[in-house]
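Undergrad: build me a structure from this.
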Amino acid sequence: MTRRFAVTIDCRHPTSLAEFWCELLGYIEDPPPEGYRSWQDYDGANGVSAAEADSGCTIIDPEGKLPRIYFQQVPEPKSGKNRVHLDVVASGRHRWDDVVAAMERAVALAAPSSGSPTTRRTGSSR
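TA: Okay, the predicted model is just below:
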């Protein structure tokens, strides 16, 4: 029997990492629970503080086939090599030009912007 699982990544800035991986993988932010129009509505109705709400973010495959990814804020800085990473399949056809295009897209998404960091609110245990 197979089991659903999620990948959890400890990080300093869950929202920005979640946004990056959404763009790269075609994932979306986990929608709020039924009965709530937004995570802000859910948080307000359930006494979730802004600090708690910004401590994590879950992204999902919109088709529900691939694993959930949870970005969890941790207070300590990264101290060494990443212990988990995601290998993105860049070409189902094994074509080098597809791999190069995917790499260039990933680098462009990760490049620092000249504007301020995003202020889009995402959820704590989503």
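Undergrad: if I pick the most centrally placed residue in the chain, what's in contact with it?
TA: Geometric centre of the chain, nearest residue: residue 18, 2.3 Å, by Cα atoms, centre = their mean. The contact partners of residue 18, by Cβ atoms under 8 Å, 6 or more residues apart in numbering, come to 29, 57-59, 69, 71, 122. (Each C-beta comes from the backbone N, C-alpha and C, glycine too.)
Undergrad: and it, how close does it get to residue 59?
TA: Distance of residue 18 to residue 59, computed by Cβ to Cβ, to the nearest Å: 5 Å.
Undergrad: likewise for residue 92?
TA: 22 Å.
Undergrad: higher neighbour count, these two?
TA: Neighbours were counted for residue 92 and for residue 59 using other Cβ atoms under 10 Å; residue 59 has more, 24 against 7.
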